[in-house]
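**Q** Sequence plus the predicted model coming up.
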Amino acid sequence: MGTNIAKTEMFGWKNCYSLSAGNLEMVATADIGPRIIFFGEKGGPNMLKIYEDQAGRSGDQKWLVYGGHRVWAAPEDPVLSYIPDNDSVDVIINDEEKSIRLIRSNDGSGLQKSIELRVDDNKFIICNKLMNERNVPVRTASWGLTSCAPGGVAILPLIRNTDEDLLLRSDFSLNLWNYTDLGEPSFEWHKNVLCVHQDRCLAPQKVGYSIEKPILAYKLGDNLIVKKKIGATNPDFEYPDRNSNTEVYFNPDLIELEFLSEWKTLLPGEYVFHEEELSLIRIDDRESINSVINLVLNL
């Protein structure tokens with residue numbers, strides 16, 4: 001199937017770029033961000049969360065969440081993470097490679113942030129990249145946050161040890177934030193999977209962990225959003241947030257599926273990045289959660 005790139009308007013933002021493959025479409029805006037604002041079937045519902053009261057806005061003086069997919073620098077910082085990204089970004093279209101790159105420089109953080117989109121076999125590849133614009137080294141990690149529409153169930157595979165020689169040793173660590181409440185009704189615990197029912201959420205929650213091949217899924221009606229991190233985890237790498245390469249944040253409005261690159265010290269002009277694969281699978285909305293779990297574990 002052919003891949004098409006087109007300039008368009010969406011949600012009140014005038015300068016947007018659509019990347020399509022088959023019946024799927026991804027749209028990013030150049031008016032703010034960089035930010036991906038739509039993912040789903042053409043003419044269908046948006047699988048991403050966009051705050052209606054912030055759609056189409058630009059030029060605000062304070063940071064706005066907007067929704068969609070964004071790239072941040074990890075770990076989260078109360079000042080640097082919330083530098084406003086409310087004005088336009090640079091856009092590079094590569095017609096030969098069928099890719100779109102959106103770049104924000106000189107925003108006050110000292111880091112250039114960019115998102116590149118391309119299609120591979122009817123799946124969208126997102127490259128989240130940070131470059132050090134300072135004249136001194138900086139330690140950071142690229143952090144891709146995909147905000148999904150509310151009302152679904154997230155599936156977090158927790159790949160456990162199966163080596164019989166190690167069965168008496170601890171085999172998995174789950175990282176919690178100060179505001180994480182394990183009594184939250186959103187959590188549904190299985191042996192090899194943690195499920196999160198976003199529509200049961202009462203207050204903000206977050207968990208993180210590290211696995212060799214990060215994968216997250218989100219069942220939303222008769223759609224299953226699958227987010228994979230491209231490339232296996234190098235055991236020699238260190239990651240932020242107590243060595244988390246996979247994180248999930250959720251509140252009563254949305255759920256964020258998040259991957260992180262290795263934690264790296266960047267000299268001036270150096271960069272760090274990671275790539276993610278985003279795809280959509282049609283499922284029966286009546287399918288049991290155990291059936292969906294088995295589907296995800298076999299992807």
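**A** All right, it came through fine. Bear in mind the structure is a predicted one, so any value in this text is a computation, not a measurement.

**Q** Low-confidence stretches in the protein?
**A** 1-2, 161-162 (pLDDT under 70).

**Q** Recalculate using a threshold of 80.
**A** The chain contains residues with pLDDT under 80 at 1-3, 159-168.

**Q** list the contacts for residue 107?
**A** For residue 107, the contacting residues are 83-85, 113, by CB atoms under 8 Å, 6 or more residues apart in numbering. Any C-beta I mention is one placed from the backbone N, CA and C, and that applies to glycine too.

**Q** farthest-separated two in the residues you listed?
**A** 84 and 113 (12.6 Å; CB to CB).

**Q** Comparing those two, which shows the higher neighbour count?
**A** A count of neighbours by other CB atoms under 10 Å puts residue 113 above the other of residue 84 and residue 113, at 24 against 14.

**Q** close enough to count as contact, that one and residue 104?
**A** Yes: in this structure residue 113 lies within contact range of residue 104 using CB atoms under 8 Å: 4.8 Å.

**Q** could you point out the longest helix in this protein?
**A** Taking DSSP state H as the criterion, the chain has its longest helix at helix 289-297.

**Q** got the contact list for it?
**A** So helix 289-297 is contacted by 153, 155, 157, 188, 190, 192-193, 195, 215, 217, 219, 224, 226, 281, 283 (CB under 8 Å, 6+ apart).

**Q** Show me the helices in the protein, by range?
**A** Using DSSP H, helices in the chain cover 240-243, 289-297.

**Q** Now render the ones you listed as JSON lines, adding mean neighbour count.
**A** Formatted as JSON lines, these follow (neighbours: other CB atoms under 10 Å):
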{"stretch": "helix 240-243", "mean neighbour count": "18"}
{"stretch": "helix 289-297", "mean neighbour count": "16"}
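
**Q** Just send these back as CSV, with distance to residue 257 too.
**A** Listed next are the helices of the chain as CSV, based on distance: least, CB to CB, whole Å:
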stretch, distance to residue 257
helix 240-243, 15
helix 289-297, 12
